[in-house]
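Trainee: here's my sequence, what's the structure:
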Amino acid sequence: MSRPARRIAIVGLYFAAAVALALAPLLMPQGYSWLQHTTSESAAQGLQGAWLARGGFVLFGFGVLATTLSVASWSVAARAAHAAFGVFMIFAAVFSSRPADPGAPFVAVEDTLHSVAASVMGIAFALGIVLVAVRRGSDAWPAITLDGIAVVASVAIPLAIFTWDEMAGVAQRVMFAIALTWYITATASQGRPAAAVDAAIGAQPAAIPSPPTGCSRPPTPPAAAARRLGRAAG
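Mentor: Take a look at the predicted model:
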């Protein structure tokens with residue numbers, strides 16, 4: 001598969017994840033509100049329609065893993081951080097949270113594992129963005145601006161979810177939208193890092209200098225010159 005085709009396929013995963021997460025509330029039982037309830041609650045335990053949100057998590061996670069493997073300009077540390085984000089996004093689909101209905105039964109251990117996965121995701125996302133941002137050039141201001149928005153959102157939005165229950169669903173969906181935008185942009189704008197370019201240039205063989213243009217024949221070897229001088233002296 002060519003590089004442009006890979007980019008299109010990865011971006012397709014992100015768009016599929018966005019559609020799944022956006023439509024997931026339509027499968028929720030009466031009483032679920034996308035304004036108040038989070039995406040995790042649309043993928044909660046015991047819900048018949050939870051498969052759509054869980055599928056969105058899985059698509060998002062695999063998209064991030066694919067981006068991590070395809071972008072050449074990220075450092076090893078940045079790759080590790082973003083790979084952790086992708087892996088724990090998939091874990092968040094495997095281990096579901098408790099339902100929004102406080103009276104519904106749930107498995108406490110699974111809910112705890114989901115919370116741990118979500119916490120690690122937030123840390124890995126913020127760290128990964130910072131590690132990518134520090135390697136950007138001074139002229140990459142649009143990308144750096146998006147980096148800053150994503151880092152601030154990764155800290156501010158979780159705090160807003162805990163303190164603003166009535167709009168927790170909106171806050172988390174904004175966070176997902178920012179994260180998807182960041183990864184789509186990173187995938188679409190991937191390129192070779194400066195270090196790799198420098199290494200490739202340095203590995204090229206040195207050019208062989210051309211003879212002076214004013215010479216009509218190559219210079220006489222020293223041994224031949226000595227023989228000519230001997231004949232002239234004799």
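
Trainee: which of the helices and strands in the protein ranks last by mean pLDDT?
Mentor: Per-element confidence for the chain was summarised using mean pLDDT, DSSP states H and E. The lowest value among helices and strands belongs to helix 194-202, with a mean of 36.

Trainee: list the buried residues of the strand or helix carrying residue 112.
Mentor: Taking DSSP states H and E as the definition, residue 112 sits inside helix 108-133. Of the residues in helix 108-133, those with enough neighbours to count as buried (16 or more other C-beta atoms under 10 Å) are 110-111, 113-114, 117-118, 120-122, 124-133. Where you see a C-beta, it was placed from the backbone N, CA and C, and this is true even at glycine.

Trainee: after it, next one along is what?
Mentor: If you walk from helix 108-133 toward the C-terminus, the next helix or strand you reach (DSSP H and E) is helix 141-163.

Trainee: check what contacts that next one and list those residues.
Mentor: Taking C-beta atoms under 8 Å, 6 or more residues apart in numbering as the criterion, the residues outside helix 141-163 that touch it are 38, 122, 125-126, 129-130, 132-133, 136, 167-168, 171-172, 174-175, 178-179, 181-182, 185, 189.

Trainee: how about the helices in the chain?
Mentor: 3-23, 39-42, 50-70, 76-94, 108-133, 141-163, 168-188, 194-202, 222-233 (DSSP state H).

Trainee: now the third one: mean pLDDT?
Mentor: It refers to helix 50-70. Averaging pLDDT along helix 50-70 yields 97.

Trainee: and that helix, what does it pack against?
Mentor: helix 3-23, helix 39-42, helix 76-94, helix 168-188 (3 or more C-beta pairs under 8 Å, 6 or more residues apart in numbering; DSSP states H and E).

Trainee: tell me the most buried of the ones you listed?
Mentor: Of all the helices and strands packed on helix 50-70, helix 39-42 has the most neighbours on average by mean count of other C-beta atoms under 10 Å, namely a mean of 25.

Trainee: would JSON lines of the helices and strands packed on helix 50-70 with distance to residue 33 be doable?
Mentor: Output for the helices and strands packed on helix 50-70, formatted as JSON lines (distance: least, C-beta to C-beta, whole Å):
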{"stretch": "helix 3-23", "distance to residue 33": "15"}
{"stretch": "helix 39-42", "distance to residue 33": "10"}
{"stretch": "helix 76-94", "distance to residue 33": "21"}
{"stretch": "helix 168-188", "distance to residue 33": "7"}
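
Trainee: adding distance to residue 153 and mean pLDDT, write those out as TSV.
Mentor: As requested, the helices and strands packed on helix 50-70 are arranged in TSV below (distance: least, C-beta to C-beta, whole Å; pLDDT from 0 to 100):
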stretch	distance to residue 153	mean pLDDT
helix 3-23	16	95
helix 39-42	15	94
helix 76-94	14	97
helix 168-188	5	94
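
Trainee: out of these, which is closest to residue 102?
Mentor: Ranking the helices and strands packed on helix 50-70 by their distance to residue 102 (criterion: C-beta to C-beta) puts helix 39-42 first, at 11.4 Å.

Trainee: same for the closest one, what does it pack against?
Mentor: Helices and strands touching helix 39-42, by 3+ C-beta pairs under 8 Å, 6+ apart, are helix 50-70, helix 168-188.
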